[in-house]
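> Let's see this in three dimensions:
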Amino acid sequence: MSHQPLGEVCLALGLLQLADVERILAQLRDSRRARFGEVAIDLGLIDDAGLARALAHQFRLNMVPPERLLKMTIPGDVLGMVPPGLIRDRLLVPASWDVEKKVLSVMVADPTDIPSLRVVQTAARAARLRLFVAPRGPLRALVERLLPATDLPATTREGLDELSGPGPQGATLVFEPEGPRASALRALEDSEQSSVEVVSDPDQVSAFIEANQVGRIFFRRAVAHDVEPYLPAWKRLRPNLQIAQVEGFGPGRQSTVPFGQARDFLLGITEFLLLSRRDAPQEARNRVRRTVRLARELAGELGLASELRDAVTVAALFADLDELSLSFLDGLNLDGRRFAVPVALLAPFSPPWDLPGLYEALERRVSGEEGPGESAEVEVLYTARAVARTTIKEGQDPVEALGAEAARHDGATLRALAGVWRKKGLRHHVAAGEGASQSIVLAGPDDALVAAVADRLARAGFEVSIAADGEDALHLSKTLHPAAVLAGLRMGRRDGSSLIVEMRRGVATRGIPVLLTAEAATPADVTRALELGAEDVIELPTNVDVIVARLRRAIGRRASDDEAIGGRLADLPLHELLQTLTLGGRTARVRIQGAIETGMVQVREGQIVAANYGSRVAEDAFYAMVALEEGRFEARFVDDGKTNLARSSDFLLLEALRRRDEGRV
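Predicted structure coming up:
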């Protein structure tokens with residue numbers, strides 16, 4: 001769990017003014033004091049009760065009122081569980097003991113004093129500690145009443161060292177204030193049984209230094225501003241302390257990669273390697289792609305755990321390998337079962353999910369041995385495969401398209417299917433404008449490029465069909481009436497120029513924009529393609545984002561300035577809506593209606609440039625709106641001309657999602 005800096009907490013609670021916080025931070029740089037709260041008290045800017053209130057709020061702990069401390073009595077056997085020296089010097093006062101759970105309740109003035117708290121836990125043989133914050137003055141008065149000065153001499157720093165054992169002079173401490181990163185680092189530390197301490201608050205760092213428990217400190221460059229005020233005091237406390245600023249804590253000191261991004265990359269590259277082979281029938285490849293996309297979306301709509309979503313995604317990807325007629329499948333030892341091919345292929349790699357069991361259950365479901373509703377994962381695969389094999393016309397309800405087949409499906413999964421289709425339609429309308437086709441046809445000699453463009457467009461809500469060559473692209477254009485076609489200038493069976501000529505001859509296809517890609521194209525090639533009616537000619541090699549932006553620009557030309565597209569945030573969350581707009585370089589003004597306040601986000605040529613929400617503006621407004629789970633949106637393809645955001649769209653969206661996941665806005 002990450003902790004809001006104590007200065008920010010004091011500001012939020014009205015205990016300090018901004019000038020007070022700046023004065024305290026300046027004093028930290030100049031004095032031997034290394035604790036924000038101690039300096040605030042020394043300067044007379046806050047009292048014991050105010051500091052205790054701020055610490056309780058910062059660490060999400062309960063505070064013991066001073067008046068309760070005056071009347072408190074503690075059983076002698078509980079008091080004897082903690083060394084008297086710790087009680088007196090560190091103000092760590094045991095309050096109660098849960099025998100069954102082995103939980104010791106402790107009142108503290110400083111919840112950041114982790115080294116001393118660990119000694120208390122060890123001495124009491126407690127499974128864990130339950131902490132309560134108390135004002136320092138009243139807590140010290142309680143200690144004087146419980147342990148009169150005549151009972152024991154004052155415990156020195158050396159005495160605490162003796163209680164806690166020799167300090168690990170070479171121990172490494174990592175300062176990481178961001179909750180998910182800190183949790184990941186702690187998990188890594190536990191798995192490797194290393195001597196690394198991960199802390200998320202500067203005062204915790206100070207406590208380790210004062211306890212002589214750390215030899216070096218690492219922190220990321222991105223959080224340097226949180227560390228800088230404390231560095232001088234830390235160095236004064238321990239002149240030989242090693243303090244290093246690094247780029248990140250990932251391999252090679254690079255920034256750590258978000259797990260979700262890494263997972264999507266691995267699934268995407270697996271899909272590409274499996275489906276990009278030219279010896280596989282193109283229609284079968286498209287069907288597998290549709291099944292995979294729909295399975296993952298259905299699993300998400302049903303609220304399946306992330307590991308189950310991954311399991312059904314991989315299962316959908318490999319379920320119908322036999323239809324791909326891939327040469328590398330020859331020689332597999334099959335037993336005649338329907339899903340024997342994926343089981344035989346995946347078994348040697350020891351997948352982390354029970355895929356054989358999932359395929360076995362799916363086989364019983366497909367054969368009719370089991371009815372609907374036995375397993376959510378099986379129902380997702382069963383429905384995704386059925387829908388991927390069904391022709392669904394533009395604007396048609398997918399449940400209606402299943403016809404009599406729908407009666408064989410689980411009701412909850414069909415409701416989820418309707419929800420997925422509704423959200424996909426919203427994403428598509430935001431991307432392409434009301435009334436535009438959801439289909440895109442892609443064809444070209446570069447399979448990697450085609451697959452990458454297909455993935456981007458599929459995530460935006462388009463139904464993408466990949467054609468094997470120009471002839472196949474022409475056939476798909478006549479049957480699907482797509483929003484656009486992206487094809488190679490040079491292809492087998494029919495090149496890009498011939499494709500345009502044939503499409504312009506057809507009444508149903510003449511208005512479909514066609515974009516061509518060409519490697520080492522001559523000016524004459526480009527001129528001829530444009531004269532024939534190509535919307536654009538994109539010279540390769542180029543970035544995939546450039547291709548997607550030009551393709552989406554061609555699709556979006558039909559969206560008029562006064563056209564409004566609206567919906568519920570529950571169906572299309574704001575971050576997904578904005579990702580859809582930024583993906584293709586669109587310009588749009590998005591108005592948000594929350595439960596009480598209204599707001600606006602301006603996207604200009606694919607960049608998020610302005611935000612306001614109620615009285616909040618810029619990033620504060622943006623993060624607050626992305627956190628909304630209920631409300632409505634309305635998108636118009638206009639530009640208000642406002643600008644108050646300077647960071648990139650990628651940063652804003654990632655930071656907004658991180659804050660939302662941590663529960664703060």
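> Pass me the low-pLDDT residue ranges in the stretch 201-350 of the chain, would you?
By pLDDT under 70, the low-scoring segments of the stretch 201-350 of the chain are 248-261, 276-280, 326-336.
> can you give me the helices for it?
202-210, 224-227, 231-237, 259-275, 282-301, 306-318, 340-346 (DSSP state H, counting those that start in this stretch).
> just checking, next helix/strand downstream of the last one?
Along the chain past helix 340-346, the next helix or strand (assigned with DSSP states H and E) turns out to be helix 355-367.
> got the buried residues for that following helix?
Buried residues in helix 355-367, counted by 16 or more other Cβ atoms under 10 Å: 355, 358-363, 365-366. Every residue, glycine included, has its C-beta placed from N, CA and C.
> Ok, stretch 594-607 next?
Going by neighbour count (16+ other Cβ under 10 Å), the buried part of stretch 594-607 is 594, 597, 599-604, 606-607.
> and it, average pLDDT?
The average of the pLDDT scores along stretch 594-607 is 90.
> Tell me which two in the buried residues of stretch 594-607 are the farthest apart.
Glu597 and Gly606 (26.7 Å; Cβ to Cβ).
> quick one: the helices in the stretch 451-600 of the chain?
470-480, 496-505, 523-532, 544-556, 574-583.
> I'd like the ones you listed laid out as a markdown table, including mean pLDDT and distance to Gly631.
Compiled in a markdown table, the helices of the stretch 451-600 of the chain are given as follows (pLDDT from 0 to 100; distance: least, Cβ to Cβ, whole Å):
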| stretch | mean pLDDT | distance to Gly631 |
| --- | --- | --- |
| helix 470-480 | 87 | 35 |
| helix 496-505 | 89 | 42 |
| helix 523-532 | 85 | 45 |
| helix 544-556 | 76 | 25 |
| helix 574-583 | 84 | 9 |
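> between those helices, which one is nearest to Gly14?
Smallest distance to Gly14 across those (Cβ to Cβ): 31.1 Å, for helix 574-583.
> what sits against Gly470?
Neighbour list for Gly470: 443, 487-488, 491-496, 498-499 [criterion: Cβ atoms under 8 Å, 6 or more residues apart in numbering].
> Just the buried residues of those.
Taking 16+ other Cβ under 10 Å as the criterion, what is buried in the contacts of Gly470 is 443, 487-488, 491, 494-496, 499.
> Of those, which belong to strands?
Taking DSSP state E, the ones among the buried ones among the contacts of Gly470 that sit in strands are 443, 487-488.
> Centre of the chain to stretch 39-49, how far?
39 Å (Cα atoms, centre = their mean, to the nearest Å).
> What lies in contact with that stretch?
Residues from elsewhere that reach stretch 39-49, judged by Cβ under 8 Å, 6+ apart: 10, 15-16, 20, 23-24, 27-28, 31, 33, 37, 51, 54, 66, 135-138.
> Can you work out which other helices and strands pack against the longest helix anywhere in the chain?
In the chain, taking DSSP state H as the definition, the longest helix is helix 411-432. Packed against helix 411-432 by the contact rule (3 or more Cβ pairs under 8 Å, 6 or more residues apart in numbering; DSSP states H and E) you find helix 282-301, helix 376-388, helix 398-402, helix 544-556, strand 564-568, helix 574-583.
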